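*Asks:* What shape does this take:
(2 chains)
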There are 2 protein chains.
Amino acid sequence: MQIDINLKQNEQSYKIFINELDTITLKGKVAIITNPKVSGLHLNTLLSALNCDERFIISVADGEEYKNLATCQSILEQLFTSKLDRTSTLIAFGGGVISDMTGFVASIYERGIKFINIPTTLLSQVDASVGGKTGVNNKFGKNLIGSFYQPSAVYCETKFLKTLPEREFSAGVAEAVKMAVMFDKDMLFWLESADLSDENELKRLIKRAVELKAQVVSKDEKERGIRAVLNYGHTFAHVIENFTNYKQFLHGEAVSIGMCMANKLALNLGLLSQNECDLVTKILKRFSLPVSYKIDDIDAFYDAFLLDKKSENSKIKFILPNQIGSHAIRDDVKKEMVLEILSEFK
Amino acid sequence: MQIDINLKQNEQSYKIFINELDTITLKGKVAIITNPKVSGLHLNTLLSALNCDERFIISVADGEEYKNLATCQSILEQLFTSKLDRTSTLIAFGGGVISDMTGFVASIYERGIKFINIPTTLLSQVDASVGGKTGVNNKFGKNLIGSFYQPSAVYCETKFLKTLPEREFSAGVAEAVKMAVMFDKDMLFWLESADLSDENELKRLIKRAVELKAQVVSKDEKERGIRAVLNYGHTFAHVIENFTNYKQFLHGEAVSIGMCMANKLALNLGLLSQNECDLVTKILKRFSLPVSYKIDDIDAFYDAFLLDKKSENSKIKFILPNQIGSHAIRDDVKKEMVLEILSEFK
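*Replies:* Residues are numbered from 1 along each chain as shown, chains lettered A, B, ... in the order given. Take a look at the predicted model:
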């Protein structure tokens, strides 16, 4: 199964292959950026598919807290030491942390070399695999340093998901729920009863999420318009992750809570009905996703929105569902209403 | 005087203004990245031309040895602390070191914000002002980490050049000589007697160098073909700069020596006549530029070519004049011949 990603803005395009990782043939040197866990479980599978002149394995510590410039510098050093050049290719082999950093490093190594993305988590397959957002966190927030840089190919393999802990699998489902709430009512209804332990249903989930995201991104690569809709739940999630030092929740879990917060706001603004709100919560719970988080300091939480890079000119842009399958972008929500909503979360 | 830079590859375009810095009006926050010397001499001139909501001055240490990731991180920290957002603008106010770092930081700050380039050295006006190459050095070499990122406007002011030390002025002339040797015979002959203390002749030099570079870059933004020709003299210069820790020579001076080395190679390969070779040397000397450098370890010098990011697949690509005003790219030069040429420099 193949999905074409066409980006009009810079004439770039690439393919996402679903369950088609048979042979990858590359010229020049190849560096695989991975982590100890993924390499332990799946590196052999990748290596037996890979044909290249010379390959290097670079393993970095796993976890959002290592997604920073220091880790990127360490990767860069290893690439220079291995004398990769402009004909070389990086392969991101891991979850979103790995692909975000590998894409970023590829974008700045000698002003840009090729990279292939092989996401090994459901979250990175349905979300990070499309869109070309790369980046790292710093003490000011998440993904604040980065670039827009496209992979030359993406391989999504359901076989890599078999070893994924249930929590991480669910975190991926959260991003798929996000796509459904924003763009595809039918998909959301399907998620109410889909059996994702079934290989074909899982493939269907990945395919549909990727297709939807590809449609959005091809219209707006650099996030000047419609692409912002993909941040549904994320304005809240980024603050939650930041406040919990990226330790308490997986990204998808934080997004799950963030969507519930956004939905409450949408409910208050009359954009969403109570039934719709409940349906989303029910689906999230079905996949054991968290739907609440107690905020200790509501004002500090609100202030943290302002550092989010989507907040332009100190206006907070809320991405909200406008009935299921559609969306609204609102930058006119009164602070009082937001604080009221936040105080309801316990 | 205005020159349009059109980049086909990504539909971007911007203007280079020569002696037209009257008023710059910008929305949102503005950070001016500069160094102590330039700000001491010219910041008032810039500030009186600048209209914006809120401005910040970020001063960084001057010199190629500070053009590294650590300095960029310090700039990034200050930008985050000042809460710049995606509507903000960076202004590079200084020489090539400042513009290379500012462009790079702008390209990775929240995945890219606007930047305006106001080069205050002749070198950065004739060279770095066009092309969108950004980057920093590391222990492995020069500009090895960076990106392609275009400014939204460039202002070249001859008034800023009046305070430039003679050595730095000449270093800028070296890059103009490079353009002439590669692309414009008439310009080279003109340089044999041009009086650059004359404002109009100086403007003519900047304009012609910028025009020539713009033509090249608009054809090949990402350096996949013709743009490589701009590296005439640079393959050698980068090694010289690296070997002398970026301390002994200004970049333009190293390029001057590098061109003489390349010319000798061209002479040996029958691409250039002795007269042409001598003419270029004569012009470089006219501007008090160095034309020789004693290499202590010729083999180490040769090996250092291989880490240059233009060396693909361990082949060294030499950019050579093919008669004055034209060029050749050669990756078939025998190591022995290169070593022989290098040994002639004392």
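*Asks:* Span of stretch A:89-100 from start to end?
*Replies:* 15 Å (C-alpha to C-alpha, to the nearest Å).
*Asks:* any chance you could map the strands in the stretch 201-346 of chain A?
*Replies:* For the stretch 201-346 of chain A, the strands defined by DSSP state E, counting those that start in this stretch cover A:318-321, A:327-330.
*Asks:* so does the last one get close to chain B?
*Replies:* To tie it back to what came earlier, the one meant is strand A:327-330. No. Strand A:327-330 does not reach chain B (C-beta under 8 Å from any C-beta of the partner chain); its nearest approach is 14.7 Å. For glycine as for every other residue, the C-beta is placed from the backbone atoms N, C-alpha and C.
*Asks:* Buried residues of that strand, list them for me.
*Replies:* A:327, A:329 (16 or more other C-beta atoms under 10 Å in any protein chain shown).
*Asks:* what does that strand contact?
*Replies:* A:182-183, A:228-229, A:232, A:266, A:269, A:271, A:317-322 (C-beta atoms under 8 Å, 6 or more residues apart in numbering or on different chains).
*Asks:* Cross the residues you listed against helices and list the overlap.
*Replies:* A:182, A:183, A:266 (DSSP state H).
*Asks:* Tell me who's in contact with the second one.
*Replies:* The contact partners of residue A:183, taken as C-beta under 8 Å, 6+ apart, are A:212, A:215, A:216, A:229, A:325, A:326, A:327.
*Asks:* that older thread, with respect to residue A:340, which of the strands of the stretch 201-346 of chain A lies nearest?
*Replies:* Evaluated over those, closeness to residue A:340 peaks at strand A:318-321, with 13.9 Å, by C-beta to C-beta.
*Asks:* ok, residue A:251 to residue A:172 distance?
*Replies:* 10 Å (C-beta to C-beta, to the nearest Å).
*Asks:* Identify the contacts common to those two.
*Replies:* Joint contacts of residue A:251 and residue A:172 (C-beta under 8 Å, 6+ apart) are residue A:123.
*Asks:* circling back: want to throw the strands of the stretch 201-346 of chain A into JSON lines with distance to residue A:85 and mean pLDDT?
*Replies:* JSON lines is the format used below for the strands of the stretch 201-346 of chain A (distance: least, C-beta to C-beta, whole Å; pLDDT from 0 to 100):
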{"stretch": "strand A:318-321", "distance to residue A:85": "41", "mean pLDDT": "95"}
{"stretch": "strand A:327-330", "distance to residue A:85": "43", "mean pLDDT": "93"}
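*Asks:* Can I get the ones you listed in a markdown table including distance to residue A:127?
*Replies:* As requested, those are exported to a markdown table (distance: least, C-beta to C-beta, whole Å):
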| stretch | distance to residue A:127 |
| --- | --- |
| strand A:318-321 | 15 |
| strand A:327-330 | 17 |
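*Asks:* Can you check which of those strands gets nearest to residue B:45?
*Replies:* strand A:327-330 (41.2 Å).
*Asks:* Please check the contacts of residue A:183 and keep the buried ones.
*Replies:* By neighbour count, with 16+ other C-beta under 10 Å, these hold A:212, A:216, A:229, A:325, A:327 as buried.
*Asks:* which among the contacts of residue A:183 gets closest to residue B:247?
*Replies:* Set against residue B:247, the nearest of the contacts of residue A:183 by C-beta to C-beta is residue A:216 (50.4 Å).
*Asks:* now the closest one: how far from chain B?
*Replies:* 16 Å (C-beta to the nearest C-beta, to the nearest Å).
*Asks:* now swap in residue A:123 and tell me
*Replies:* 20 Å.
*Asks:* among the buried ones among the contacts of residue A:183, which two are most distant?
*Replies:* Counting by C-beta to C-beta, the most remote pair of the buried ones among the contacts of residue A:183 is A:216 and A:325, 13.7 Å apart.
*Asks:* Let me see the ranges of the helices in the stretch 51-200 of chain A.
*Replies:* A:69-81, A:96-108, A:122-123, A:166-183, A:185-191, A:199-219 (DSSP state H, counting those that start in this stretch).
*Asks:* If I average pLDDT within each of the ones you listed, which one is lowest?
*Replies:* Comparing mean pLDDT over these, the weakest stretch is helix A:199-219, at a mean of 91.
*Asks:* between it and helix A:166-183, how many degrees?
*Replies:* Between the axes of helix A:199-219 and helix A:166-183, defined by axes from the mean of the first three to the mean of the last three C-alpha atoms, to 10 degrees, the angle is 50 degrees.
*Asks:* Kindly format the C-alpha coordinates of helix A:199-219 as CSV.
*Replies:* Taking C-alpha atoms only, helix A:199-219 is exported to CSV below (Å, rounded to 0.1, in the frame of the first residue of the first chain):
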residue,chain,number,x,y,z
GLU,A,199,-4.1,-6.4,11.1
ASN,A,200,-6.4,-5.1,8.4
GLU,A,201,-8.2,-2.7,10.6
LEU,A,202,-4.9,-1.4,11.9
LYS,A,203,-3.7,-0.8,8.4
ARG,A,204,-6.9,1.0,7.6
LEU,A,205,-6.4,3.3,10.6
ILE,A,206,-2.8,4.2,9.6
LYS,A,207,-3.8,4.7,5.9
ARG,A,208,-6.8,6.9,6.7
ALA,A,209,-4.8,9.1,9.3
VAL,A,210,-1.9,9.5,6.8
GLU,A,211,-4.3,10.4,4.0
LEU,A,212,-6.1,13.0,6.0
LYS,A,213,-2.8,14.5,7.2
ALA,A,214,-1.3,14.5,3.7
GLN,A,215,-4.3,16.4,2.4
VAL,A,216,-3.9,19.1,5.0
VAL,A,217,-0.1,19.3,4.7
SER,A,218,-0.1,19.4,0.9
LYS,A,219,-2.3,22.5,1.2
